[in-house]
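K.L.:
Turn this into a model:
(2 chains)
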2 protein chains.
Amino acid sequence: MSIIEPRVLKGFRDFLPEQEILRSALIEKLTDAFKRCGFVPIDTPVLEYEEILLGKGGGETEKQVYRFTDHGGRAVAMRFDLTVPFARFMALHAHELYLPFKRYHIAKVWRGENTQRGRYREFMQCDFDMVGSDTAASDFEIVYTIYTALSNLAIPAFTINLNHRGIFNRFLASQGILDRSVEILRTVDKLEKIGRDATHEQLAELTNPALADKLLAFIELKGDNLTILSGMTQLAGGEADDTKRIRAILDLAQASGFEQSLRLNPSITRGLDYYTGVVFETFINAMPEIGSICSGGRYNDLASLYTKQHIPGVGASVGLDRLIAALEALEVKVPVSGYCQALILNLDDTLLTDYVCCAKSLRDAGIACEVYPETKKIQLQFTYAEKKAIPFAIIRGETEHEKNIWVLKNLDTRNSVDYTSLEALVQAFAQTNMQRNS
Amino acid sequence: MSIIEPRVLKGFRDFLPEQEILRSALIEKLTDAFKRCGFVPIDTPVLEYEEILLGKGGGETEKQVYRFTDHGGRAVAMRFDLTVPFARFMALHAHELYLPFKRYHIAKVWRGENTQRGRYREFMQCDFDMVGSDTAASDFEIVYTIYTALSNLAIPAFTINLNHRGIFNRFLASQGILDRSVEILRTVDKLEKIGRDATHEQLAELTNPALADKLLAFIELKGDNLTILSGMTQLAGGEADDTKRIRAILDLAQASGFEQSLRLNPSITRGLDYYTGVVFETFINAMPEIGSICSGGRYNDLASLYTKQHIPGVGASVGLDRLIAALEALEVKVPVSGYCQALILNLDDTLLTDYVCCAKSLRDAGIACEVYPETKKIQLQFTYAEKKAIPFAIIRGETEHEKNIWVLKNLDTRNSVDYTSLEALVQAFAQTNMQRNS
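P.N.:
Residues are numbered from 1 along each chain as shown, chains lettered A, B, ... in the order given. Have a look, this model is predicted:
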């Protein structure tokens, strides 16, 4: 029989145990932070009616969406983000839900992107949003959740960059160029990427050189957060709801003691049209070049395509792939727990009952372990433990059985200790394990 | 602007928080059991080349698979189970992996099934397999993992039904009807569903009435496990590897103390062709009618479509949707933890800093909580807590602020206790919480 070549589609990936263990550990820690901040999980289908997902139509995204006709002749598509399904979800279930509604959703999305830029066509999104309230308290809740979620990972210092679209728009209005705000925002958004000179040039094309100077002066305001806020307030024509909102968020951050991780940054705009209030981007201090690992902002009306109910909201999304790349580059070791701690060597077929009882005792005590299933050469069994990164071996052959002992061998140090009962072994193991995890 | 009707595709479902919290809790408990038994997670893409997923071709499955042509003109399909992708995975990564390899994979699959039978087109599979070893130890490991995983859920008594295809085949050979084994196995598999008389009739059609009597005598053997094993051994023509394998598994189950949950059942065959050794089905004792909640068996060669390497294995799959339906019907309350424990009422805009500091203190102590984001009527805030099933409210208005106290109100009992500091509140809360979870 001929063999079908085993392969995966371009832009798609298998996750081997080492990678999947890391990804699961990160998701677990993010979930823990979301829960602690009062968010609840939801799930939506991977496939939706095409008209629902592409409602807004046009643009880059539409070309990238995986879509087809299903068995029933329906035009369907695979979700390309978690925001559009969330909007549809809110419109469909508004009567069953309570507002404000705080949800998180960690799931895969698909985009047929050009993989040459190192992008994947299947990737995981981690979104959290709070909808139904347009207040400083809810803006702050998202900022605080970003802080909690990223602190919960073992990543080094990071900075949440905060801005408000409204202040910038007031400034544009005062200069008589509000009509070009979308183009100006998109240009400013590229500042880091294309550099100051190219940004100035493009802004001058959109306006004129003098205005380009002024625009750059605004987005390049320097100093501590309150100094920058003063500068922005002045350039925008005075205090208003937008500057008050930022001031309230900065106050709450100070009261919560993480103001050092929050930076008011007038150059952060987020290219996307739908943000209407605060916007955030988060950078790892030692590695700004990988881009924002958690971004978001406030939007005025989440579900207007599907309902007449007005649902304002604020949210953000963690870039899991970027985060994993950063942790690797920074050589940060993410603690993982609960995977196989001991391999019970299989040295004698007639002792299988002993091995199985040992596994049961350890597992009942919450210690992950396994019995090697065949009486292969001991060196092969040690190699197996090494490949699977199992830190301990438990040894009981004919000799140990006669002496009625269990040998616990640390596979790092090669030290062995004898135990005269399973109870003693389990107890010793539980203590060792506690030390290792503490 | 016209509104797009918010709806989901037939056979697809949204999971609202209550449902998703339950599903997450079950997945967490299954994962915990899989890890404890030494399994590691993997992940594979949702989309694969069509030829990989449909390699075997033909049959019911092929008609149900979601498939289409992607942007690059490739014939692709959405996975319809986790076994075929696992086979492809093993063939592709054999050189990077170690054998025996124990993996679990909990993920969605898609089948365009007829939804009139109450089936879903998108559902979650929870597979665990051990490949690379054909031994009693590995068969037993899967049986023990089924036992551990289901014991870890709060479900009532269940029975793992065990059988061996080899014994039945030897019996068929002794009667000269091995050539009809596939049809006979499929008929026997329907015994529970169609009843004894219809089964006899169909078996008689496949063979003759006398042989149908004998077949039913075999599959209806009664008694304790060892008595049934004796009967099967006798009818199959004596002891062989297959009966020895079953005896070894029964011995190990007895040594591990869960033999009361394991039943040798000659009528369990699993309709699927690819099982070659032991097979399992698991029923909730109080609810056999919902069908098996965890099934599987041994297969001879996992990845033969994609590689010449011979990879035997044994595995099983938990039916999560059935499990959820059973838990609901049995009114079993699955413990969930870590979701919002306290709502900090928002009674005065000027006290927002206090509320935020209170949330920070509780969250730092690992207690999930949130601040209501607006100073709405207190009754509305209580309703929110009730709808979100938040058990406690924390109250601090102008009066409490002047007295410098925090009031913790139990929303079930309506009892309130005053605390003179945040530290005291957090400490009291942590203790209450511990009691509630113990």
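K.L.:
Could you verify that A:Ile324 is part of a helix?
P.N.:
Yes: counting by DSSP: H, G, I helix; E, B strand; the rest coil, A:Ile324 is found in a helix.
K.L.:
For it, give me its contacts.
P.N.:
By Cβ atoms under 8 Å, 6 or more residues apart in numbering or on different chains, the residues touching A:Ile324 are A:22-23, A:26. Every residue, glycine included, has its C-beta placed from N, CA and C.
K.L.:
again, but for A:Leu229
P.N.:
Here A:Leu229 is in contact with A:243, A:246-247, A:250, A:264 (criterion: Cβ under 8 Å, 6+ apart).
K.L.:
and it, what pLDDT?
P.N.:
As summarised for this prediction, A:Leu229 has a pLDDT of 98.
K.L.:
follow-up on the earlier one: near chain B, from the contacts of A:Ile324?
P.N.:
Counting by Cβ under 8 Å from any Cβ of the partner chain, A:Arg23 from the contacts of A:Ile324 sit close to chain B.
K.L.:
Which of the contacts of A:Ile324 ranks first by neighbour count?
P.N.:
The most crowded member of these is A:Leu26, carrying 24 neighbours; neighbours defined as other Cβ atoms under 10 Å in any protein chain shown.
K.L.:
which residues sit against the helix or strand harbouring that residue?
P.N.:
Secondary structure from DSSP states H and E places A:Leu26 in helix A:17-36. Identification of contacts with helix A:17-36 by Cβ under 8 Å, 6+ apart yields A:15, A:41, A:104, A:106, A:124, A:126, A:128, A:145, A:148-149, A:151-153, A:318, A:320, A:323-324, A:327, A:334-336, A:339, B:40-43, B:103, B:338-340, B:363, B:366-369.
K.L.:
List buried residues within these.
P.N.:
Buried members of the contacts of helix A:17-36, counted by 16 or more other Cβ atoms under 10 Å in any protein chain shown: A:15, A:41, A:104, A:106, A:124, A:126, A:128, A:145, A:148-149, A:152-153, A:318, A:320, A:323-324, A:327, A:334, A:339, B:40-43, B:103, B:338-340, B:363, B:367-369.
K.L.:
Among those residues, which are located in strands?
P.N.:
Taking DSSP state E as the definition of strands, the buried ones among the contacts of helix A:17-36 contribute A:41, A:104, A:106, A:124, A:126, A:128, A:318, B:40-41, B:103, B:369.
K.L.:
And for the residue lying closest to A:Ile311 once chain neighbours are set aside, the neighbour number?
P.N.:
Residue nearest to A:Ile311 in three dimensions, not counting chain neighbours: A:Leu302, with 4.5 Å by Cβ to Cβ, 6 or more residues apart in numbering or on different chains. For A:Leu302, the neighbour count with other Cβ under 10 Å is 26.
K.L.:
try A:Arg119
P.N.:
Quick note: A:Arg119 (other Cβ under 10 Å) scores 13 neighbours.
K.L.:
swap in A:Ser421?
P.N.:
A:Ser421, neighbours per other Cβ under 10 Å, totals 12.
K.L.:
For the residue of the stretch 301-438 of chain A found nearest chain B, list the residues it contacts.
P.N.:
Residue nearest to chain B within the stretch 301-438 of chain A: A:Glu370 (3.1 Å; Cβ to the nearest Cβ). Neighbouring residues of A:Glu370 by Cβ under 8 Å, 6+ apart: A:340, A:342-344, A:359, B:37-38, B:102, B:141.
K.L.:
what about 10 Å?
P.N.:
Counting by Cβ atoms under 10 Å, 6 or more residues apart in numbering or on different chains, A:Glu370 touches A:340-344, A:355, A:359, A:362-363, A:384-385, A:388, A:390, B:36-39, B:100, B:102, B:130, B:137, B:141, B:145.
K.L.:
same question, A:Asn163
P.N.:
A:Asn163 touches A:219, A:228, A:232, A:246, A:263-270, A:275, A:277-281, A:297, counting by Cβ under 10 Å, 6+ apart.
K.L.:
Report the contact partners of the spatially closest residue to A:Leu408 that is not a sequence neighbour.
P.N.:
Closest residue to A:Leu408 in three dimensions, ignoring its sequence neighbours and counting by Cβ to Cβ, 6+ apart: A:Val417, at 5.2 Å. Residues near A:Val417 by Cβ under 10 Å, 6+ apart: A:405-410, A:424-425, A:428, A:432.
K.L.:
Next, A:Val417: secondary structure please.
P.N.:
Per three-state DSSP, A:Val417 ends up strand.
K.L.:
just for the stretch 51-200 of chain A, where's the confidence low?
P.N.:
A:56-60 (pLDDT under 70).
K.L.:
Now the residue in it that chain B sits nearest to. Its backbone dihedrals?
P.N.:
Chain B sits closest to A:Phe68 of the stretch 51-200 of chain A, with a gap of 3.3 Å, by Cβ to the nearest Cβ. Main-chain torsions, A:Phe68, degrees, to the nearest 10: phi -160, psi 180.
K.L.:
For it, name its beta-bridge partners.
P.N.:
Taking DSSP bridges as the rule, A:Phe68 bridges to A:Val76.
K.L.:
what's near enough to touch it?
P.N.:
A:Phe68 neighbours (Cβ under 10 Å, 6+ apart): A:47, A:50, A:74-78, B:66-70, B:76, B:78.
K.L.:
Could you pick out the buried ones from these?
P.N.:
Buried among the contacts of A:Phe68 by 16+ other Cβ under 10 Å: A:47, A:50, A:76-78, B:66-68, B:70, B:76, B:78.
K.L.:
Now render the residues you listed as CSV, adding distance to A:Ile395.
P.N.:
Listed next are the buried ones among the contacts of A:Phe68 as CSV, based on distance: Cβ to Cβ, whole Å:
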residue, distance to A:Ile395
A:Leu47, 52
A:Glu50, 60
A:Val76, 56
A:Ala77, 56
A:Met78, 51
B:Tyr66, 50
B:Arg67, 51
B:Phe68, 54
B:Asp70, 52
B:Val76, 49
B:Met78, 47
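K.L.:
In helices, which of the contacts of A:Leu229 appear?
P.N.:
A:243, A:246-247, A:250 (DSSP state H).
K.L.:
need those in CSV with distance to chain B, neighbour count and pLDDT, can you?
P.N.:
Listed next are the ones in helices among the contacts of A:Leu229 as CSV, based on distance: Cβ to the nearest Cβ, whole Å; neighbours: other Cβ atoms under 10 Å in any protein chain shown; pLDDT from 0 to 100:
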residue, distance to chain B, neighbour count, pLDDT
A:Thr243, 17, 20, 98
A:Ile246, 15, 25, 98
A:Arg247, 12, 17, 97
A:Leu250, 12, 22, 98
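K.L.:
what about the helix or strand in which A:Met90 is found, near chain B?
P.N.:
Per DSSP H and E, A:Met90 falls inside helix A:83-93. Yes: shown here: helix A:83-93 in contact with chain B (Cβ under 10 Å from any Cβ of the partner chain) through A:85, A:87-93.
K.L.:
Please apply the same query to stretch A:135-145.
P.N.:
Yes: residues of stretch A:135-145 contacting chain B under Cβ under 10 Å from any Cβ: A:135-141, A:144-145.
K.L.:
Got a quick PyMOL command for the buried subset of these?
P.N.:
Buried subset of those, written as a PyMOL selection, criterion 16+ other Cβ under 10 Å:
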select buried, chain A and resi 135+136+137+138+139+140+141+144+145
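K.L.:
would TSV of the residues of stretch A:135-145 next to chain B with secondary structure be doable?
P.N.:
Shown next, in TSV, are the residues of stretch A:135-145 next to chain B (three-state DSSP):
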residue	secondary structure
A:Thr135	coil
A:Ala136	helix
A:Ala137	helix
A:Ser138	helix
A:Asp139	helix
A:Phe140	helix
A:Glu141	helix
A:Tyr144	helix
A:Thr145	helix
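K.L.:
And the residues of stretch A:135-145 next to chain B, which is closest to B:His401?
P.N.:
Here the nearest of the residues of stretch A:135-145 next to chain B to B:His401, counting by Cβ to Cβ, is A:Ala137; it sits at 16.9 Å.
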